[in-house]
Structures are given as structure tokens and as C-alpha cells.
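[1] Sharing a sequence plus its predicted fold:
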Amino acid sequence: MQGTFTHIRQLLLASIACVLGAAVLTYAVDPLQLFRSSRSAFYSDDTRVQNAGLIRSQSFDTVFMGTSLAIHFRQSDIDRVLGVHSLKLAMTGSNSRQQSFVMEQAIDRGAKRVIWEMDDFIFVDAADIEADPYLSVDLYRRTTKGIASYLFSAAMAKESLFALLRSIPPLKQPLTQAAPYLPVTFALADVDDIYALPRNVDVARDYNANKALASFAYITAPSRSRFLGEGYGYEAMVRHFEQDAVGLITRHPDVTFDIYFPPYSILQFVAMRDASPETLKIVLDLTAVIAQRLTQLPNVRLHDFRAIKAVTHDLANYGDVIHHSPVVDAKVLSWLASGEYRVDASNPLASLDALKAQVEAYRLER
């Protein structure tokens, strides 16, 4: 019996030693750069986690936020066109609670300008940020709970061990080349590549009218059209806009906010018109409130790209009904730089009225 207890004690001590050793390894390597920056760091496309480290480790004066419609922009392009030192924090499928929280952390670290891709879907009703299962507020705040979850994470220990092996000179090049094909998350050597399209992407293959039309047919099929309005509720969306957007903006009057409505293809609105008109009404009514409210705030410049017919009616620019190509990414940056489509506070609904007229008149040639 004594021998059994001895073995159990030894197993327990060995387990504790392994856990503590993994925590020490994660702290020493710090793959997320939560404690210190590193010139030889690698980065992850898991932006909800990676952003916590980027805010701590990178220098920046401008934040670029958005959903999957903003995820493929490169920081180098943002900096070059807009003359800023940016940090891209866009998160696919993110809602306004998540975006507002992450931006506030970046503002607290010194950001003086925010470029915010704002689409209607981000204001759908969702969990409060403190109860959000997809974004760890404790990690961003570096609370005891957040640091413990980071240091005692088996996944982070694995990433730390791989990073340690990659630092050995003979292994550095082969492991770096192999990283994208291995079960590791921190595989990107350049922060500019975080969730960016490859520079040699075949734009015509991935973005073309056939893809846009196929997406339109899919979302308007009777068996799926109900999903067009999933999560859309006017009162809740206005409430979240006030809390998450207006609240953030008014708390930081010394920060300039460049907010833009992205150039969806015309098919997105036509899909709602034909298959879910009540959803279209919510979207148009909501964005009318947003335009009127934001144009009255002194530290906001609002830009509306939804009625630029030369882009939004050219279906070759899209991979589905909303996601535009890198060619349009470049146009968005140029429009922001020039202010060509900035919404006039004296007539905040002009571009929305133009969009409404286009949607009503558009007829799809099948």
C-alpha cells in the first residue's frame, strides 16, 4: 500500500512539474508578445487572440477595424495611402461589442485615429462583452485570470516549444518554411501578412460575376432566404449602435474616427428586396439613424461607398454578394484619403437615397 501512495505522489509531483515547466516556457517565449515585444516573433490568423498581443507589442497611431470585409487589407497599404502608422485589428464575423472593446484597448495604448469599416450586421443582438465566449476580455486586460489562462494553456505551450525549436539556427529555415503546413497557429513571419491574401492571388479566379451570382442564388433560395434576416431587430440594433459606437466615440473626443459603409455589391440589397423585404427596411432605417447620428459628432468623418455604381454593379469585383476584391480594397483606401464620398452633415441621407433608388430600379439578368 505504501508503494502505491509513493507512486501516486511521484506522478502528482511529475504532473505539477510538467504544468509549471510549460507555464515557464510560455512566459519565456511569449508567443503572443503579451509581456514583451520580439523582433523574431511569429503571428497568428486567430485575430481575436492575436489582437491582444498586437496591442501590447506594436507601435501605432491608427487602428483599422472591421469584419471580414476589412480583414484582407495590409497595414503597409493603409500606411502608404493614408500616411499613418496603423494596426489592423479587423476580426471576421465580429460584432460591435467585440469591436468596441478591442478598439478601446488600442485607444488606451495611444491610438489617435480609428478607421472603422461599419456594416449593419455588427449591431445584431449578441452576448455582453463580459460574457462573450469567443473573446477573452481577461486576456486583453491582463488580469490574473487572463494571464493564468495564457500561461497554463496547452496550446500556447505547444506554440512556445515550436518557437523555441525554430530559434535554433539549423532548424530555423526548414521549420519556418514548414510552419504553414504544420498544426501550429503562429506561423506568419510578418505582421503585414495577418489574414491578408497572398500577394500572387488570382483575383479573376476568386472574384468574378459567376461567384457573385451563385451566392445570390444560394441566399435567395426559398429554403435559405429566412437567414437573410437572422439576428436583425431594429430596436436592438439601434441600442447596440448607441452603446458600442456612439459610446466609444463620445468617450474619446480627442480621437478622430473615419467610419465607412463598405461597398457591398448591389446583389446584397436586391437579395433582401426580393427575398426578405422586412430585413431591407431594417437595414435602410438603421443606416439612416447611423448617418444622421454620426454626422453630428465633431470627431467623426463618415464615408458611404454603397452607392458607387461603377463598383457595386460590376459583379466581377466580388467573391459573393458582399466580399470585394483587393482591387476594391485599394479603391476604398483612396476614397478615404481623398474624402470623395464623405457624407455631408447638411444632407446625411443623400447617399442612402441614391442607394434606395438603385436597389428599386435594379433588374437582374439571369
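    Yep, that arrived.
[2] Show me what stretch 79-93 is in contact with.
    Applying CB atoms under 8 Å, 6 or more residues apart in numbering, the external contacts of stretch 79-93 come out as 47-48, 51, 54-55, 58-68, 70-71, 73-75, 78, 98-99, 102-103, 106, 111, 113, 115, 117, 194-195, 330, 333-334, 336-337. Backbone N, C-alpha and C define where each C-beta goes, glycine included.
[3] Which of the residues you listed fall in strands?
    Of the positions in the contacts of stretch 79-93, T62, V63, F64, M65, R113, I115, E117 sit in strands, assigned by DSSP state E.
[4] Turn those into CSV, including neighbour count.
    As requested, the ones in strands among the contacts of stretch 79-93 are arranged in CSV below (neighbours: other CB atoms under 10 Å):
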residue, neighbour count
T62, 23
V63, 26
F64, 27
M65, 26
R113, 19
I115, 27
E117, 23
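[5] A187: which of these is nearest?
    Set against A187, the nearest of the ones in strands among the contacts of stretch 79-93 by CB to CB is F64 (22.0 Å).
[6] pLDDT at the closest one, what is it?
    Looking at F64, its pLDDT is 98.
[7] show me what contacts it?
    Going by CB under 8 Å, 6+ apart, the list of residues near F64 reads A70, F73, Q75, I78, S86, L87, K88, L89, A90, I115.
[8] Now pLDDT too, for those residues, in TSV please.
    Shown next, in TSV, are the contacts of F64 (pLDDT from 0 to 100):
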residue	pLDDT
A70	97
F73	97
Q75	97
I78	98
S86	98
L87	98
K88	98
L89	98
A90	98
I115	98
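[9] how about those in CSV, adding distance to T287?
    Listed next are the contacts of F64 as CSV, based on distance: CB to CB, whole Å:
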residue, distance to T287
A70, 17
F73, 22
Q75, 28
I78, 24
S86, 26
L87, 27
K88, 24
L89, 23
A90, 20
I115, 18
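[10] For the residues you listed, name the two members farthest from one another.
    The most distant members of the contacts of F64, if one measures by CB to CB, are A70 and L87, lying 12.7 Å apart.
[11] distance of Y27 from S44?
    To S44, Y27 is 18 Å away according to CB to CB, to the nearest Å.
[12] same question, L315
    33 Å.
[13] same question, V29
    For V29 relative to S44 (CB to CB), the value is 14 Å.
[14] next one: D108
    In terms of CB to CB, D108 sits 23 Å off from S44.
[15] Which one's more surrounded, those two?
    Counted by other CB atoms under 10 Å, D108 and S44 do not tie: S44 has more neighbours, with 21 against 10.
[16] Remind me what the helix or strand encompassing A212 packs against, helices and strands.
    Element membership for A212 (DSSP states H and E) is helix 209-220. Contacts defined by 3 or more CB pairs under 8 Å, 6 or more residues apart in numbering; DSSP states H and E place helix 209-220 against helix 266-275.
[17] Counting by contacts, list what the following helix or strand past the helix it packs on packs against.
    Using DSSP H and E, the helix or strand that follows helix 266-275 in sequence is helix 277-294. Packing partners of helix 277-294 (3+ CB pairs under 8 Å, 6+ apart): helix 234-240, helix 266-275, strand 300-304, helix 350-361.
[18] Out of these, which is closest to L294?
    Evaluated over the helices and strands packed on helix 277-294, closeness to L294 peaks at strand 300-304, with 4.7 Å, by CB to CB.
[19] any residues touching that closest one, and which ones?
    249, 256-261, 291, 294-295, 335-336, 339, 341-343, 348, 351-352, 355.
[20] Could you tell me the angle between that strand and helix 350-361?
    20 degrees (axes from the mean of the first three to the mean of the last three CA atoms, to 10 degrees).
[21] what residues does the helix or strand just after strand 300-304 touch?
    Downstream of strand 300-304, the next assigned helix or strand under DSSP H and E is helix 309-312. With contacts defined as CB under 8 Å, 6+ apart, helix 309-312 is touched by P263, Y264, S265, I266, F305, R306, N317, H324, V328, K331, Q358.
[22] State the pair within the residues you listed that is farthest apart.
    K331 and Q358 (17.9 Å).
[23] buried sites along the helix-or-strand element of the chain with minimal mean pLDDT?
    Lowest by mean pLDDT, DSSP states H and E among the helices and strands of the chain is helix 2-29, with a mean of 79. For helix 2-29, burial by neighbour count (16 or more other CB atoms under 10 Å) applies to A22, A23, L25, T26, Y27, V29.
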